[in-house]
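[1] Sequence first, then the predicted structure, then my questions.
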Amino acid sequence: MRLNYNFAFKNSKLTPWERPAPPNLLISDASIDKKLKFVLKHFKSNKELYYPSTFVLASALIIQFINLYPKNIVNKFESDHNKYQNIEIKLRNINLAKQRFNKRISDIEEFFFDSTTSYLFSYFLQNSVPKGVQVNSYSFSDNGFDINVSAFNIDSLDEFITLLIESPVIIRDSVRINQLTRQESVNSNNSITSPDLELEIYGQVKKINNKKREELYLESKADGLFKKLKRFNHLKKKLGS
């Protein structure tokens, strides 16, 4: 059996020898010059250990030093950048709102432009009826009109047709006479008085542009329609549509 026993130092005043540790100048009272020389000596003797890490550390320090100036510039304009971002968001929201308004305006634009309104047609029809002509019935739409009138003589009908085709809301060349009939009027004594002439006429209405529509509204004293049109035009101008 093997015994783990040191017979050399049994009952001996000798002490075992231990290799002394190298002096650590960094924690000693040595001068700064000696300490620097000690560090450089170990640094040069262990190049493969210190050079890569030293290069990385030095590179990082140089990069950080170079970035100090642009970083300072960025920090200086950070508040301006935040203001710009806020303004950009507001402008984007305004543009989206404008697009929604423009779409709605496009949907209702047909009610303000192109087609002749029933008010204008009725106004100029009334101004086209001379003395001796009676309007029995009429129909009106965006596509055209159909009027039934009666008169006691052909001259009154001829004057009515002339005034009608001169109307600024009617297409002159589209006016057509459908039929002209003669009906006899009978009094209470069942005696024939004078014949009546009945005329049916039809045609198409004009598509009126914005400027002309304003003029016609002013001429026909359509104050309400004129104000609505002005507000609509002002809104379109504001939205840039």
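    On my side now, so go ahead.

[2] shaky segments in the chain?
    By pLDDT under 70, the low-scoring segments of the chain are 1-17, 19-29, 49-50, 107-116, 184-195, 240-241.

[3] could you pull out the strands for it?
    133-140, 145-151, 176-186, 192-203 (DSSP state E).

[4] Pick the most deeply packed of those.
    For these, the stretch with the most neighbours on average is strand 145-151, a mean of 19; neighbours defined as mean count of other CB atoms under 10 Å. Bear in mind the C-beta positions are built from the backbone N, C-alpha and C, glycine included.

[5] what bridges to the residue lying closest to Leu197 once chain neighbours are set aside?
    What sits nearest to Leu197 in space, not counting adjacent residues and going by CB to CB, 6 or more residues apart in numbering, is Ala151, at 5.2 Å. On the basis of DSSP bridges, Ala151 is bridged to Val133, Leu197.

[6] can you list the domains in the chain?
    What automatic domain parsing lists as the domains of the chain is 32-74, 118-207.

[7] quick check, distance from the shortest one to the centre of its chain.
    Relative to the centre of its chain, domain 32-74 is centred 57 Å away, using CA atoms, centre = their mean, to the nearest Å.

[8] Tabulate the strands of the chain (CSV), appending distance to Lys227.
    Shown next, in CSV, are the strands of the chain (distance: least, CB to CB, whole Å):
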stretch, distance to Lys227
strand 133-140, 23
strand 145-151, 26
strand 176-186, 36
strand 192-203, 30
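
[9] Out of those strands, flag the one nearest Asn233.
    The closest approach between Asn233 and any of the strands of the chain, judged by CB to CB, belongs to strand 133-140 at 24.9 Å.

[10] outside of the closest one, which residues touch it?
    Residues outside strand 133-140 that contact it (CB atoms under 8 Å, 6 or more residues apart in numbering): 118, 121-122, 125, 129, 145-151, 156-157, 159-160, 198, 205.

[11] 7 Å instead, please
    When contacts are defined by CB atoms under 7 Å, 6 or more residues apart in numbering, strand 133-140 is touched by residues 118, 121, 125, 129, 145-151, 156-157, 160.

[12] Which members of those are the farthest-apart pair?
    Of all pairs drawn from the contacts of strand 133-140, the one with the longest distance (CB to CB) is Ser118 and Ser156, at 25.2 Å.

[13] These two: which has the busier surroundings?
    In terms of neighbours (other CB atoms under 10 Å), Ser156 is the more surrounded of Ser118 and Ser156; the figures are 20 against 12.

[14] I'd assumed Val129 was in contact with the more buried one.
    No. Here Ser156 lies out of contact with Val129, judged by CB atoms under 7 Å, at a distance of 9.5 Å.

[15] Let me see the ranges of the helices in the chain.
    Counting by DSSP state H, the chain has these helices, from start to end: 32-45, 47-76, 78-108, 118-127, 154-165, 210-219, 223-239.

[16] Of the ones you listed, give the one that comes closest to Asp173.
    For those, proximity to Asp173 was assessed by CB to CB; helix 154-165 is nearest, at 8.7 Å.

[17] tell me what that closest one is packed against?
    In terms of contacts (3 or more CB pairs under 7 Å, 6 or more residues apart in numbering; DSSP states H and E), helix 154-165 is packed against strand 133-140, strand 192-203.

[18] Need these in CSV (columns: distance to Lys37).
    Converted to CSV, these look like this (distance: least, CB to CB, whole Å):
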stretch, distance to Lys37
strand 133-140, 112
strand 192-203, 115
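
[19] Of the ones you listed, which is nearest Leu235?
    Among the helices and strands packed on helix 154-165, strand 133-140 comes nearest to Leu235, with 28.1 Å by CB to CB.
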